[in-house]
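Q: Have a look at this prediction, sequence included:
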Amino acid sequence: MVAQARAAGAAGIFHTRHAAQTVSLAHRPCRLEERAVQLNVNGKSVAIEVDPEMPLLWVLRDVLNLTGTKFGCGIAACGACTALVDGKAVRSCVVPVGSIDGKAVRTIEDLGDPGLHALQQAWIDKQVPQCGYCQSGMLMAAAALLAAHPSPSDAQIDAAVSNICRCGTYQRVRAAIRSLARVVREGL
């Protein structure tokens, strides 16, 4: 496992997840250059010293200890790592933190702070979660969608919430978003 981690580190991967174990590559033989990166994370100004190529996901999880954003695939395919950067949904596993220096980042931890966000309540009302692993990413993608399109069509929902859910709750996700859009439309 350590040999695999060192090989991954040489390939530019910062962490590897295997089962429930994390192997930190802080001991890798060639250290990449760190520099100051300034972010506004969940409404708070944050200055961190990291390699600018480190993916935003690992900054959130390992540097800032915001573990609601999940690792799923590492190639921007599944959406478990979705966070908002300046209001736009991004797959944080492939966004180098240096590329978003000075920008606003919003994570699932901020979505319902304090209490439940209307979107989270819609998720509960429509019984969307099953295993729950993909839900933080789905909620963030849905939040970005509803901010841009308060009453989205099914095609807009499908395009914006392209996250993979191994439990297959896509119809419930669509129903939850539609129910919230209806509330927004009716002004309730």
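A: Yes, it's here. Numbers count the residues shown, from 1 in each chain.
Q: now the strands: where do they sit in this structure?
A: According to DSSP state E, the chain carries its strands in the segments 15-18, 21-24, 35-41, 44-50, 82-85, 88-91, 104-106.
Q: Show me the contact partners of the fifth one.
A: To tie it back to what came earlier, the one meant is strand 82-85. 56-57, 60, 69, 89-92, 95, 100, 103-108, 136-138, 140-141, 143-144, 163 (Cβ atoms under 8 Å, 6 or more residues apart in numbering). Placement of C-beta: from N, CA and C, glycine included.
Q: Extract the CA atoms of stretch 166-175 and return them as PDB.
A: C-alpha atoms of stretch 166-175 as PDB (Å, rounded to 0.1, in the frame of the first residue of the first chain):
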ATOM      1  CA  ARG A 166     -25.400   4.000  -7.000                       C
ATOM      2  CA  CYS A 167     -28.700   3.600  -5.200                       C
ATOM      3  CA  GLY A 168     -30.600   5.100  -8.200                       C
ATOM      4  CA  THR A 169     -32.500   7.800  -6.500                       C
ATOM      5  CA  TYR A 170     -32.600  10.000  -9.600                       C
ATOM      6  CA  GLN A 171     -36.500  10.200  -9.700                       C
ATOM      7  CA  ARG A 172     -36.600  11.300  -6.100                       C
ATOM      8  CA  VAL A 173     -33.900  13.900  -6.700                       C
ATOM      9  CA  ARG A 174     -35.900  15.300  -9.500                       C
ATOM     10  CA  ALA A 175     -39.100  15.200  -7.400                       C
END
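Q: Make a PyMOL selection of the buried ones in the contacts of strand 82-85.
A: Filtering those down to the buried ones (16 or more other Cβ atoms under 10 Å) takes a single PyMOL command:
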select buried, resi 56+57+60+69+89+90+91+92+95+100+103+105+106+107+108+136+137+138+140+141+143+144+163
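Q: ok, Thr67 to Leu84 distance?
A: Distance of Thr67 to Leu84, given as Cβ to Cβ, to the nearest Å: 17 Å.
Q: ok, the two, which is more surrounded?
A: Neighbour comparison, Thr67 and Leu84: the larger count goes to Leu84, with 23 against 14 (by other Cβ atoms under 10 Å).
Q: How is the protein partitioned into domains?
A: 1-31, 33-111, 118-186 (automatic domain parsing).
Q: would you turn those into JSON lines with mean pLDDT?
A: Shown next, in JSON lines, are the domains of the chain (pLDDT from 0 to 100):
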{"stretch": "domain 1-31", "mean pLDDT": "41"}
{"stretch": "domain 33-111", "mean pLDDT": "97"}
{"stretch": "domain 118-186", "mean pLDDT": "93"}
